[in-house]
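Chemist: turn this into a model:
(one chain, ligands or ions: 1)
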Amino acid sequence: MTGGRGDRPAPWLDGTVLADQLSADQVIAVEDVGLTRSGSSLLRELTWRVELDERWVVLGPNGAGKTTLLSLAAGRLHPTTGSVAVLGERLGRTDVHELRARVGLATAALADQIPGDERVLDVVMTAAWSVVGRFREDYDPVDRSRAELLLAQLGVGGLADRWFGTLSEGERKRVQIARALMPDPELLLLDEPAAGLDLGAREELVARLAALAADPDAPALVLVTHHVEEIPPGFTHALLLRDGATVAQGLLADTLTDELLSRTFGTSLRVSSVDGRYAARAT
Ligand SMILES: Nc1ncnc2c1ncn2[C@@H]1O[C@H](COP(=O)(O)OP(=O)(O)OP(=O)(O)O)[C@@H](O)[C@H]1O
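Modeler: Sure, this is the predicted structure:
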């Protein structure tokens with residue numbers, strides 16, 4: 001993984017991306033997208049590209065359109081205008097079921113679908129068939145080993161036999177990420193993975209995500225959050241959203257500035273960074 005591309009102009013304040021920046025490594029290509037629901041404009045004139053070795057954070061206030069954008073990238077929503085290509089497949093011209101199998105997604109809405117009496121190991125293993133709830137008994141030993149390995153990598157290996165409903169919020173979040181990684185996705189989308197966690201659990205999760213970000217074999221990563229404190233070291237780029245539109249995007253160091261973050265959240269903020277971690281406070 002590289003720390004970003006020196007040949008890119010950054011940040012793209014107007015969301016414009018030049019045609020010659022297209023590359024075969026592109027995992028998400030959102031081109032001038034608008035998305036309207038019930039007369040409301042959820043996304044406006046949005047252009048965003050993610051490459052294979054990049055780790056992106058999508059930041060913005062409540063209602064900015066972050067989850068909507070992630071749903072597009074997961075092939076679960078279609079744009080009203082513009083085009084979206086994920087892993088080289090253009091939405092509207094591809095079998096979204098096949099595409100969804102190549103994308104790992106962890107959201108609160110998906111977690112709510114997991115039965116409380118589902119065994120943790122099964123929560124992870126069933127992702128190999130894109131289902132929730134154990135539906136067959138003859139799992140391949142390879143799947144079982146992979147699920148156990150992923151749980152161990154996320155620090156919850158000891159919970160494999162527990163019921164999902166008995167886990168703490170922090171443990172559930174890590175099991176969800178293991179589930180999202182189970183099918184070996186080419187793209188991993190995490191929607192507010194640290195929401196609701198206490199400080200210790202958040203720091204534990206940030207460390208796990210930093211390890212994932214540093215793994216050259218890891219998929220392209222996109223993490224949605226409200227808080228710069230939740231950005232794991234090793235993440236390379238940020239997209240700042242407000243009211244469904246881009247405020248700025250580019251390398252983290254170029255986008256996480258006082259001015260751009262203040263504009264994004266509509267309040268005067270000061271950003272600081274120490275050892276790859278960010279913090280922000282009102283001025
Ligand atoms: N089906 C819909 N019809 C109308 N408006 C919708 C619909 N779905 C979402 N919205 C609105 O679109 C806006 C963006 O929602 P979205 O969930 O993408 O924001 P978000 O940035 O993820 O917010 P949060 O940080 O609060 O989770 C919100 O104002 C939401 O109320």
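Chemist: who in the stretch 101-250 of the chain is up against the ligand?
Modeler: Residues of the stretch 101-250 of the chain lying near the ligand by Cβ under 6 Å from any ligand atom: His226. Using the backbone N, CA and C atoms, a C-beta is placed for each residue, glycine as well.
Chemist: so where is the stretch 101-250 of the chain shaky, pLDDT-wise?
Modeler: Within the stretch 101-250 of the chain, the set of residues satisfying pLDDT under 70 comprises 129-138.
Chemist: can you pull out the helices in it?
Modeler: Taking DSSP state H, counting those that start in this stretch, the helices of the stretch 101-250 of the chain run over residues 108-112, 120-125, 141-153, 169-181, 199-214.
Chemist: buried residues, the longest one. List them.
Modeler: Right, the one you point to is helix 199-214. Neighbour counts using 16 or more other Cβ atoms under 10 Å place Ala201, Arg202, Glu204, Leu205, Val206, Arg208, Leu209, Ala210, Ala211, Leu212, Ala213 of helix 199-214 among the buried residues.
Chemist: of all the residues you listed, which two lie farthest apart?
Modeler: The largest separation in the buried residues of helix 199-214, counting by Cβ to Cβ, is between Ala201 and Ala213 at 18.5 Å.
Chemist: and for the residue of the stretch 101-250 of the chain found nearest the ligand, the neighbour number?
Modeler: Per Cβ to the nearest ligand atom, His226 is where the stretch 101-250 of the chain lies closest to the ligand, at 5.8 Å. His226 has 16 neighbours, counted by other Cβ atoms under 10 Å.
Chemist: show me the contacts for it.
Modeler: The contact partners of His226, by Cβ atoms under 8 Å, 6 or more residues apart in numbering, come to Leu59, Gly60, Pro61, Asn62, Glu192.
Chemist: state the phi and psi torsions of the first one.
Modeler: Its backbone dihedrals place Leu59 at phi -120, psi 140, with angles given as degrees, to the nearest 10.
Chemist: would you map the strands across this structure?
Modeler: Secondary structure of the chain (DSSP state E): strands at 26-37, 40-51, 55-59, 81-86, 89-90, 103-106, 187-191, 220-225, 237-242, 245-251, 269-274, 277-282.
Chemist: deepest-packed of the ones you listed, please.
Modeler: Comparing the strands of the chain by mean neighbour count (mean count of other Cβ atoms under 10 Å), strand 55-59 comes out on top with a mean of 26.
Chemist: who's in contact with it?
Modeler: Outside strand 55-59, the residues within contact range by Cβ under 8 Å, 6+ apart are 1, 50, 66, 69-70, 213, 220-226, 228, 231-232, 234-241, 252, 261, 264.
Chemist: mind giving me the domain ranges of this protein?
Modeler: Domain ranges of the chain: 1-102+187-283, 109-184, per automatic domain parsing.
Chemist: quick check: the gap between Leu190 and Leu181.
Modeler: 10 Å (Cβ to Cβ, to the nearest Å).
Chemist: now Leu159
Modeler: Distance of Leu159 to Leu181, computed by Cβ to Cβ: 16 Å.
Chemist: then Gly63?
Modeler: Counting by Cβ to Cβ, the gap between Gly63 and Leu181 amounts to 29 Å.
Chemist: neighbour count winner among the two?
Modeler: Of the pair Gly63 and Leu181, Leu181 is the one with more neighbours under other Cβ under 10 Å, namely 23 against 13.
Chemist: ok, now which ones touch the more buried one?
Modeler: Gly104, Leu150, Leu188, Pro219.
Chemist: nearest residue to the second one in space, please, no chain neighbours.
Modeler: Nearest-residue entry for Leu150: Ala178, 4.0 Å, with adjacent residues in sequence omitted and distances by Cβ to Cβ, 6 or more residues apart in numbering.
Chemist: and the end-to-end length of stretch 99-107?
Modeler: 18 Å (Cα to Cα, to the nearest Å).
Chemist: stretch 209-219 too?
Modeler: OK, stretch 209-219 end separation, Cα to Cα: 12 Å.
Chemist: and the residue nearest to Gly60 when sequence neighbours are not counted, what does it touch?
Modeler: Of all residues not flanking Gly60 in the chain, Leu241 sits nearest, at 3.7 Å (Cβ to Cβ, 6+ apart). Applying Cβ under 8 Å, 6+ apart to Leu241 gives the contacts Val58, Leu59, Gly60, Ala64, Gly65, Lys66, Leu69, Val247, Thr264.
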